[in-house]
Each structure stands twice: as C-alpha cells, then as structure tokens.
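Q: Generate coordinates for the sequence data below:
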Amino acid sequence: MAYYAELFSFAFFPNYDNAIRFLAESLASQEEWDYSDSSTKTYSILKNYLEFTFRKLKQENKVVFTSDNKYASFNTGLVTNNLEDIYAFFEKYKNPRPGTTTPFCFKAFLKESDNNILRNFNNRLPDIANYFEKPELLIFNPKCKLIPDIDHIIQDNISRFPAHLQGAGDGELRRLLVGAIDEVRKKVKTNYKIAVPQYYDGKIQLLLPLCLTAGSPNPDLALVVHKLNEDTYTARTCLTLKMAYNNARLIVKPQSNWLKP
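A: Numbering: from 1, shown residues only. Now for the predicted structure:
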C-alpha cells in the first residue's frame, strides 16, 4: 500500500484490486499488465502506471474538481476499445472511517460518455498528462555521439545484471558492455525505433537494448541514454527489462520488438 502513497492519500479505495481488474479486463483497450513470468494476475504494471500518472497530473494541476468540491476526476490516459477516454471518478468522503485522512472516496473508472462524467465535468473534462513538450527527445538522433560511463554503469548496477554475469570480474563486464553498446549504437543509427522513450525523474530519456549473453538474441538490460547537449548523448545507468517497461509505459504502450512485459 505504501508504494501507492499519493493516490491512496488522495482517496480511499473500497476495493482497489477489483477496480483494477475491471479496468484491465472489461473497460480499457486490452494490453498486458503483468510480466510474462508472473504466475498470477496482479496487474502490477497497471498499478504502477496509475500511481505515477496521478503524480504527474497533480504536478500539472490536471486533477479536476467540481465547483462544490463534491466530486473529483482525473484522466487515466487509457481508452476503451472505441477510443473513449477513461477517467477515475471520486466523491467527497461523507462518512470517513476513524483515522482516515483521505478527502475523497473512489467510486469507479468511467468512460467519457458515462452520465457521471458528463453531468459533473462536461465543461471541463480532465486532460491527459503531458510528456511531449519536446517531441524531439522521443526519437534518437543518429547524428549525435553516444558516450557511456562504463565504470559507473558496472559499479552502480551490478545487481541488475543477469545472475550468471554478476560474478564476472570488472574487466570481463567492461568488455561485454563495450561490445554490446557498440553493437546497439550501430543498430539504432539504422533503425531509430529501437530506442524506446521512458519517463523518469521528470525527464524524457531513451532506452536501448543491451545483449550481453553470448548466443542469445534477447537483451539482458536496457541502457538509459539522455541528451547531454545538442550533439551528444550520455549513458550512466542501466535497468532491468521490467524496470524499463514500467518507465516506458508511463508515456505510451511501447511499440517495440525487444521491450515487452
């Protein structure tokens, strides 16, 4: 529960898991909200997405309230199969439980044509979070240099490396990283779609796949690159593929053949 601190501080959710299940399975356009190695459906990607979307909307003052403060709503950024926007709908908490400090109670996830949305927010429908103030950051510029900090990547992220490589010496890891980065640098220059945008710490960054395991076509890590200046990218960290997917999904569903849940 603590992980979703801001959303749960804003509103009490009578049955959060059921609401999430309804959103994922019955209301929103279908996509995978669990990792491929999950044995049960917990919709962990969707829960992470909603929490961080809510945080971004709060920063942008896009959580909308009725004039009497009786109802509140925010745009989830998700759509139905018919491309209707989906909103989270809240009502002012009338009878809070002892010790409860949340001002609102969650009522439902609703599509735009629902009467509760039209009646209360027809003059000011909640807007989606904005990640596109600088669209040029979403696409890798092949004319730019890419300068990685190899030592920093290894020293600060060894626990994210595949288990079979964590015992390797720094020298071996350095050679593997240099080779993998050189390879992906050449690939992304001929296919910019390899670079997947992510949102982290208030910034747009790009993710590149790193294949470190000999003979495997699948990436082991995602290299995080960001613009240092107009003609240079730098990379100082890497992520597990799960971490990378979570960050990338905050913007849009990744359309990539290498970054999947």
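Q: so what's Glu183 closest to, chain neighbours aside?
A: Residue nearest to Glu183 in three dimensions, not counting chain neighbours: Cys211, with 7.0 Å by CB to CB, 6 or more residues apart in numbering. Quick note: C-beta positions are derived from backbone N, CA and C, even for glycine.
Q: Could I get the full set of strands for this structure?
A: Counting by DSSP state E, the chain forms strands over residues 11-12, 64-65, 71-79, 85-92, 104-111, 145-148, 196-200, 203-210, 221-229, 232-239, given from the N-terminal end onward.
Q: Out of those, the one nearest Glu32 is which?
A: Nearest to Glu32 among the strands of the chain is strand 71-79; the distance by CB to CB comes to 13.6 Å.
Q: and the angle from the closest one to strand 104-111?
A: 40 degrees (axes from the mean of the first three to the mean of the last three CA atoms, to 10 degrees).
Q: Please identify the buried residues of the helix of greatest length in the chain?
A: Scanning the chain for the longest helix, with DSSP state H as the assignment, gives helix 170-190. Burial within helix 170-190, assessed by neighbour count using 16 or more other CB atoms under 10 Å, is assigned to Leu173, Leu176, Leu177, Ala180, Ile181, Val184, Arg185, Val188.
Q: nearest to Ser216, of those?
A: Ranking the buried residues of helix 170-190 by separation from Ser216, with CB to CB as the measure, puts Ala180 on top at 11.3 Å.
Q: Look up how far Asn18 lies from that closest one.
A: Counting by CB to CB, to the nearest Å, the separation of Ala180 from Asn18 is 43 Å.
Q: try Phe52
A: Shown here: Phe52 relative to Asn18, a distance of 21 Å by CB to CB.
Q: what do you get for Glu183?
A: 46 Å.
Q: now Asp156
A: Using CB to CB, we find Asp156 at a distance of 39 Å from Asn18.
Q: Tell me which of those two has more neighbours.
A: Set side by side, Asp156 and Asn18 show more neighbours around Asp156, with 13 against 10, by other CB atoms under 10 Å.
Q: Check what pLDDT Lys193 gets.
A: On pLDDT, Lys193 comes in at 87.
Q: which ones are touching it?
A: Listed by CB atoms under 8 Å, 6 or more residues apart in numbering, the contact partners of Lys193 are Gln255, Ser256.
Q: The one 10 residues further on now?
A: By CB under 8 Å, 6+ apart, the residues touching Lys203 are His226.
Q: give me the beta-bridge partners of it?
A: Lys203 has the following beta-bridge partners by DSSP bridges: Tyr200.
Q: Any regions of the stretch 1-150 of the chain where pLDDT drops low?
A: Filtered on pLDDT under 70, the stretch 1-150 of the chain yields the residue ranges 1-4, 96-100.
Q: one step back: between the buried residues of helix 170-190, which sits nearest Pro126?
A: If you rank the buried residues of helix 170-190 by distance to Pro126 using CB to CB, Val188 comes first, at 35.9 Å.
Q: got a list of what the residue nearest to Ile154 when sequence neighbours are not counted touches?
A: Taking CB to CB, 6+ apart, and ignoring the residues beside it in sequence, Ile154 has Leu173 as its nearest neighbour in space, at 5.2 Å. With contacts taken as CB under 8 Å, 6+ apart, Leu173 has the following neighbours: Ile154, Ile158, Phe161, Leu165.
Q: Output these in CSV; the columns should cover pLDDT, neighbour count and distance to Asn122.
A: Below are these laid out as CSV (pLDDT from 0 to 100; neighbours: other CB atoms under 10 Å; distance: CB to CB, whole Å):
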residue, pLDDT, neighbour count, distance to Asn122
Ile154, 94, 17, 55
Ile158, 94, 14, 54
Phe161, 94, 22, 52
Leu165, 92, 15, 56
